[in-house]
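J.: Show me the folded form of this:
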Amino acid sequence: MNAKRRRLLLAAIDPLLEPGERVEVTAIVNLHPVSVRRTAAFAAASALVSGGAMAVVPARVPMYLGMTGHRLFVFEADPVFAKPKGLVLTVPRAGLVRSEIKERVLNSSFVVSSPDSDEGLRIIFPLMCRKERNAVAAALPLAPA
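T.: Numbering: from 1, shown residues only. Prediction:
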């Protein structure tokens, strides 16, 4: 994450922080994967409908992740401007666990969940955010197998 994006994200998180709480990690992440099959199907369908004039490819919605000692904040990122659009999710860190890291060619991910919940949140880190991914992974304990 570049300095301008980080500064704007910290400005958005600052009013939400409790006294003594500080941001430990910031990163650009994705929460909703777009499969290769879906991307190919969407591109083929849009090319067919437009008579081959254009092909449209679905893209992930970038998100900003801010992690403090107590909470995880997720903001929707504006794809054009660096400023966060709005708060999407706040999750208390107490009791959160993560799955093993899944390494891929262009990204990596893990699922963050609470031991008392069946559902989890898949956080996808782009290739350029491996350092931030490692910091978040180090802060969350690995789920028991």
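J.: Just name the shakiest helix or strand of the protein by mean pLDDT.
T.: helix 36-49 (a mean of 72; mean pLDDT, DSSP states H and E).
J.: and that one, which residues are buried?
T.: Residues of helix 36-49 classed as buried by neighbour count (16 or more other Cβ atoms under 10 Å): none. C-beta here means a position set from N, CA and C on the backbone, and glycine is covered the same way.
J.: next helix or strand past that helix?
T.: strand 63-68 (DSSP states H and E).
J.: What strands line up against that following strand, and which way round?
T.: With DSSP bridges as the test, strand 63-68 is paired with strand 23-29 (antiparallel), strand 71-77 (antiparallel).
J.: most tightly surrounded among these?
T.: Counting by mean count of other Cβ atoms under 10 Å, strand 71-77 has the highest mean neighbour count of the strands paired with strand 63-68, with a mean of 21.
J.: Any stretches of the protein with poor pLDDT?
T.: 32-36, 38-39, 42, 56-60, 145 (pLDDT under 70).
J.: biggest strand in it by residues?
T.: Of all the elements of type strand in the chain, the one with the most residues (DSSP state E) is strand 84-92.
J.: what's the residue lying farthest from the centre of the chain sitting at in phi/psi?
T.: For the chain, the largest distance from the centre (Cα atoms, centre = their mean) belongs to residue 51, which lies 35.4 Å off. Phi and psi for residue 51, reported as degrees, to the nearest 10, are phi 70, psi 30.
J.: can you check residue 16 too?
T.: Backbone torsions for residue 16, taken as degrees, to the nearest 10, come to phi -90, psi -10.
J.: Using TSV, please lay out the strands paired with strand 63-68 together with distance to residue 84.
T.: Converted to TSV, the strands paired with strand 63-68 look like this (distance: least, Cβ to Cβ, whole Å):
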stretch	distance to residue 84
strand 23-29	11
strand 71-77	4
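J.: To residue 124, which of those lies closest?
T.: strand 23-29 (6.1 Å; Cβ to Cβ).
J.: Would you mind pulling the contact partners of that closest one?
T.: Residues from elsewhere that reach strand 23-29 (Cβ atoms under 8 Å, 6 or more residues apart in numbering): 1, 5-6, 9-10, 13, 17, 62-69, 74, 77, 123-126, 129, 132-133, 135-136, 139.
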